[in-house]
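K.L.:
The sequence isn't on hand, but the structure is:
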């Protein structure tokens with residue numbers, strides 16, 4: 001059994017759940033954060049991540065990452081870091097698994113389309129929608145809406161990227177019901193989840209970009225960290241074909257980033273005199289992070305990825321098409337709400353902004369392929385490029 005550090009979140013000290021639960025049925029010897037993790041894994045929202053875009057939209061290939069596989073990879077990295085730091089691994093894993101649940105179909109392109117559609121009605125933010133989905137839209141229990149997750153899990157999801165001084169409407173609504181102390185720093189577990197996300201997509205998006213042919217070895221070697229580590233990999237495997245070294249490069253780079261983060265975080269914890277989970281929130285600054293040198297290298301990597309992959313002409317073309325699908329769906333349902341299915345039509349509010357937000361809730365829950373199918377049904381034919 002792993003011994004937790006004094007600054008880890010203790011399930012015995014949890015602030016509890018919004019709705020009191022009568023635990024009259026034994027469902028295994030699990031603490032509250034283990035239950036949160038399991039509720040997330042069993043949720044409809046989590047299963048839908050299987051068909052939601054990570055980088056490549058509805059990819060024409062079985063080996064590209066989607067939101068589900070990305071979330072699993074983030075959880076693996078997060079749990080490794082949490083163990084090394086003596087943190088609560090179960091809470092860290094729950095946060096990593098749930099952090100992308102609020103993404104609409106087609107990733108950031110779909111989010112941009114919903115943001116435009118809700119212009120004047122409060123806009124759309126995937127992180128706020130994560131809390132909305134988990135606290136309101138999921139309905140597996142007979143007496144309340146949502147998964148009824150613990151305060152610590154909800155707080156970590158709300159603030160895993162840092163304090164929120166000006167929350168959007170979705171996050172403000174759930175915070176009003178179950179206050180999450182949005183202006184304070186979150187737990188170390190939540191801070192780890194945020195950086196595990198960065199480490200995962202910084203590296204795995206390179207892997208997918210190479211596989212898709214949108215990146216080349218020559219291109220990625222323009223990034224100083226990649227060039228340095230590639231030479232180390234080549235030196236270790238001088239007799240291996242280059243194509244078989246890409247995986248080793250990604251593993252090496254992840255290892256470097258994880259090792260740096262663990263060492264720097266231990267230093268910050270010691271320097272800050274942190275002796276409890278309460279100290280973490282009170283210290284007023286992030287404690288989980290990279291060293292200054294790794295920060296510079298990671299930022300250089302991100303600049304490269306935006307310039308060469310995320311803003312690649314083929315990606316921009318796909319994003320424009322995806323925005324059109326989401327915008328078309330919103331316009332069609334808003335003009336004729338009778339096209340909404342079943343309970344979604346029955347529960348449609350009469351007044352704005354609730355009416356538009358309800359329609360956006362329905363669209364945000366769609367997978368890529370479901371959105372395309374519904375577009376053809378309620379809007380009209382659409383021609384998709386190869387590989388979309």
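P.N.:
Done, it's in. The shown structure was predicted, so the numbers you read here are calculated from the model rather than taken from an experiment.

K.L.:
what about the stretch 51-200 of the chain, any weak spots by pLDDT?
P.N.:
Applying pLDDT under 70 to the stretch 51-200 of the chain picks out residues 58-61.

K.L.:
residue boundaries of the strands in it?
P.N.:
Counting by DSSP state E, counting those that start in this stretch, the stretch 51-200 of the chain forms no strands at all.

K.L.:
Run through the helices of it in chain order.
P.N.:
67-85, 89-98, 107-117, 126-132, 151-159, 169-177, 188-212 (DSSP state H, counting those that start in this stretch).

K.L.:
okay, the ones you listed, which one's buried deepest?
P.N.:
helix 89-98 (a mean of 29; mean count of other CB atoms under 10 Å). The C-beta positions use only the backbone N, C-alpha and C, and glycine is treated the same way.

K.L.:
Mind giving me the packing neighbours of that one?
P.N.:
helix 32-41, helix 67-85, helix 151-159, helix 188-212 (3 or more CB pairs under 8 Å, 6 or more residues apart in numbering; DSSP states H and E).

K.L.:
Touching that helix from outside, list them.
P.N.:
2, 9, 11, 31, 33-34, 36-37, 40-41, 46, 71-72, 74-75, 77-79, 81-83, 130, 134, 149, 152-153, 156-157, 160, 187, 189-190, 192-193, 196-197 (CB atoms under 8 Å, 6 or more residues apart in numbering).

K.L.:
now with 7 Å?
P.N.:
Applying CB atoms under 7 Å, 6 or more residues apart in numbering, the external contacts of helix 89-98 come out as 2, 9, 33-34, 36-37, 40-41, 46, 71, 74-75, 78-79, 82-83, 130, 134, 152-153, 156-157, 160, 189-190, 192-193, 196.

K.L.:
Quick one: closest of the helices and strands packed on helix 89-98 to residue 362.
P.N.:
helix 67-85 (18.2 Å; CB to CB).

K.L.:
ok now the closest one, how far from the chain's centre?
P.N.:
11 Å (CA atoms, centre = their mean, to the nearest Å).

K.L.:
And it, what does it pack against?
P.N.:
helix 89-98, helix 188-212, helix 246-271 (3 or more CB pairs under 7 Å, 6 or more residues apart in numbering; DSSP states H and E).

K.L.:
coming back round to it: got TSV for the helices and strands packed on helix 89-98, with distance to residue 103 too?
P.N.:
Formatted as TSV, the helices and strands packed on helix 89-98 follow (distance: least, CB to CB, whole Å):
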stretch	distance to residue 103
helix 32-41	14
helix 67-85	6
helix 151-159	13
helix 188-212	12
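
K.L.:
Indicate which one of the ones you listed is closest to residue 141.
P.N.:
helix 32-41 (9.5 Å).

K.L.:
ok, back up a step: now distance to residue 252 too, for the helices of the stretch 51-200 of the chain, in CSV please.
P.N.:
As requested, the helices of the stretch 51-200 of the chain are exported to CSV (distance: least, CB to CB, whole Å):
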stretch, distance to residue 252
helix 67-85, 14
helix 89-98, 22
helix 107-117, 27
helix 126-132, 31
helix 151-159, 29
helix 169-177, 38
helix 188-212, 10
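
K.L.:
now for those helices, which one comes closest to residue 316?
P.N.:
Using CB to CB, the helices of the stretch 51-200 of the chain put helix 107-117 closest to residue 316, at 9.3 Å.

K.L.:
Off-centre distance for the closest one?
P.N.:
From the chain centre to the centre of helix 107-117 is a distance of 16 Å (CA atoms, centre = their mean).

K.L.:
Residues contacting that helix, please?
P.N.:
53-54, 103-104, 123-124, 126, 319, 322-323, 326-327, 330, 360, 363-364.

K.L.:
Nearest to residue 237 among the residues you listed?
P.N.:
Once CB to CB is applied, the member of the contacts of helix 107-117 that ends up nearest residue 237 is residue 54, at 28.5 Å.

K.L.:
what's around that closest one, how many residues?
P.N.:
For residue 54, the neighbour count with other CB atoms under 10 Å is 24.

K.L.:
What residues does the closest residue to residue 265 other than its chain neighbours make contact with?
P.N.:
Leaving out its chain neighbours, the residue that sits closest to residue 265 by CB to CB, 6 or more residues apart in numbering is residue 288, at 4.9 Å. By CB under 7 Å, 6+ apart, the residues touching residue 288 are 188, 191, 192, 195, 261, 265.

K.L.:
Report the two of the residues you listed separated the most.
P.N.:
For the contacts of residue 288, and using CB to CB, no pair is farther apart than 188 and 261, which are 11.7 Å apart.

K.L.:
For the residue nearest to residue 265, which three-state class applies?
P.N.:
coil (DSSP: H, G, I helix; E, B strand; the rest coil).

K.L.:
Torsion angles phi and psi at it?
P.N.:
Backbone geometry at residue 288, expressed as degrees, to the nearest 10, gives phi -90, psi 130.

K.L.:
So, low pLDDT: which residues of the stretch 251-388 of the chain?
P.N.:
For the stretch 251-388 of the chain, the ranges with pLDDT under 70 are 386-388.

K.L.:
where along it do the helices fall?
P.N.:
277-282, 292-305, 313-335, 342-346, 354-364, 368-378.

K.L.:
Would you check that residue 360 makes contact with residue 119?
P.N.:
No: using CB atoms under 7 Å, residue 360 is not in contact with residue 119, being 11.4 Å away.

K.L.:
Looking at those two, which one has more neighbours?
P.N.:
residue 360 (29 against 11).

K.L.:
tell me the contacts of residue 86?
P.N.:
3, 4, 5, 8.

K.L.:
burial of the third one, as a residue count?
P.N.:
Here the neighbour count serves as a burial measure; for residue 5 (other CB under 10 Å) it reads 17.

K.L.:
same question, the last one
P.N.:
Burial measure for residue 8: 23 neighbouring residues, criterion other CB under 10 Å.
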